[in-house]
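Novice: quick one: sequence and predicted model below, then my questions.
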Amino acid sequence: MEMKKVSISAKRQITIPQKYFIMLGFDTEAECMVRGNELIIRPAKKNTGGEFAEQILADLIEQGYSGNELLQRFKQAQSQVRPAVEEMIGEAERAAVSKSEYESYDDVFGGEEKK
């Protein structure tokens, strides 16, 4: 693993070395997180807008939405996907280090359906 030491300014700012900036595909935002005693800095994930789109649209249409109201409800639902997934990931990470209760597969998805 290649490592480079960087300076921290009086305002707690760092400069990402150009080689890493380009190699990892940074743009204008970064995500920071603490893992153990390390600070992880990575390019911010871009919301492509396609996460669960088909399921969201099908559900909204089934609820009777159409036209502009459908579009408005779709945008609202779409904006809630990433925060919900990030919360689930956070819960999984806390469970992995025994900081919270965990749910079993059956708790989350239920058992197999009997036919």
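Specialist: Arrived safely. Please read all numbers here as calculations on a predicted model, not as lab measurements.

Novice: now do V81, the pLDDT please.
Specialist: Looking at V81, its pLDDT reads 82.

Novice: what does K99 give?
Specialist: 59.

Novice: and for R42, nearest residue in space, chain neighbours not counted?
Specialist: E31 (5.4 Å; CB to CB, 6 or more residues apart in numbering). C-beta coordinates here come from the backbone N, C-alpha and C atoms, glycine included.

Novice: where do the helices sit along the chain?
Specialist: Taking DSSP state H as the criterion, the chain carries its helices at 18-24, 53-62, 67-96, 105-109.

Novice: list the helices and strands the longest one packs on?
Specialist: When contacts are defined as 3 or more CB pairs under 8 Å, 6 or more residues apart in numbering; DSSP states H and E, helix 67-96 packs onto helix 53-62.

Novice: so how many other residues sit close to K19?
Specialist: The number of residues packed near K19 is 10, by other CB atoms under 10 Å.

Novice: got the contact list for it?
Specialist: By CB atoms under 8 Å, 6 or more residues apart in numbering, the contact set of K19 is empty.
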